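**Q** Provided below are the primary sequence and the corresponding predicted coordinates.
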Amino acid sequence: MKVREHGRTVNVHALIAVGVNADGQREVLGLDVASDEDGAGWLAFLRSLTARGLTGVRLVISDAHAGLVQAIGAALPGASWHCPAECGVRTSVLSSWSMTIEDGRLARGRRTRSRLLDQAAATASVNGLNALSLAQLAADVGMSKSGVAALYGTKQALQLATVEHARQVYIRAVIEPAWASPAGAERLAALLTAWLRYVRGGVFPGGCFLQRCVAEQAGRPGPLQAAVADLRGEWLEALATELRAASDTLAADAEQVAFELDALLAAGVRGHLLGDGRALQQTETAFTARVRVFSGLVGEG
């Protein structure tokens, strides 16, 4: 195509890459303009895509331009190349790709939201979700209220985002570390170990975000109570799933025992926050004993 450059009309070439992911969705991955359509131009273009996060390319479809084919081999090692007979436009089609582009503004926005929600979850773990406000959160993190409002709009939107953020923190701190252990009694022991580390390590200053918010939202119907109830339900089901794996004969009792184990954890964190130095050790002893009985590792009497 022709463009005006420094008062002259010159020929330039548009380099375009279109991605087709594993779900069959197409997306333009990149567009650049080069003065020459040679191997160096294509190589620089493809390397700019990988520098921005392009990975996992399995197939590249393009015409047989020698410079382009060589650039594909250099920039995308491991990718297969195909040239359909009808291909007449030198557009690279990248199949089954994965790309994360770190736009500066998006990255800053993500960091800001994470910082806000870290603070909101910390506050809620001590004072409850109802204590959250856009103005106070803004003051706590050194932002303007309008800046926080632009991200969340309403107090309830902030509260719901805080619940989801705390859920992700809990998954990383408690659930994921335990998943390396075999299902059943061993994974229950690993969940307990991770939960004790989560409470003792002060991931949230209020001890356990879930237990604090369950106590607060009881008797308060609405979207916020529903979100907290869903969070608690996921945790109870995680416990029940491992209990079922621990004992085929008593699988029907798994939900009841999960309720009991959760009650032990709630009692333990309350005692811990009240300064009882024995509370978490007593919780660990009681939790472990209940799981051993349920799993048939010891007798009831």
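**A** Yes, it's here. Numbering: from 1, shown residues only.
**Q** what helix or strand does the residue lying closest to Ala279 once chain neighbours are set aside sit in?
**A** With sequence-adjacent residues excluded and distances taken as C-beta to C-beta, 6 or more residues apart in numbering, Ala279 is closest to Gly271, at 2.8 Å. C-betas here are computed from N, CA, C, even on glycine. Of the helices and strands defined by DSSP states H and E, Gly271 is found in helix 254-273.
**Q** mean confidence for that helix?
**A** Averaging pLDDT along helix 254-273 yields 93.
**Q** so which elements touch it?
**A** Secondary-structure packing of helix 254-273 (3 or more C-beta pairs under 8 Å, 6 or more residues apart in numbering; DSSP states H and E): helix 185-200, helix 209-217, helix 223-246, helix 279-295.
**Q** highest mean neighbour count out of these?
**A** Burial of the helices and strands packed on helix 254-273 is given as mean neighbour count (mean count of other C-beta atoms under 10 Å); helix 209-217 ranks first at a mean of 22.
**Q** could you give the angle of that helix to helix 223-246?
**A** Put simply, helix 209-217 runs at 130 degrees to helix 223-246, going by axes from the mean of the first three to the mean of the last three C-alpha atoms, to 10 degrees.
**Q** only alpha carbons, please: show helix 209-217 as CSV.
**A** Output of helix 209-217 as CSV, limited to C-alpha atoms (Å, rounded to 0.1, in the frame of the first residue of the first chain):
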residue,chain,number,x,y,z
PHE,A,209,-12.1,-14.4,56.4
LEU,A,210,-14.8,-17.0,55.8
GLN,A,211,-15.6,-17.6,59.5
ARG,A,212,-15.8,-13.8,60.2
CYS,A,213,-18.1,-13.2,57.3
VAL,A,214,-20.3,-16.2,57.9
ALA,A,215,-21.0,-14.9,61.5
GLU,A,216,-21.7,-11.4,60.2
GLN,A,217,-24.0,-12.3,57.3
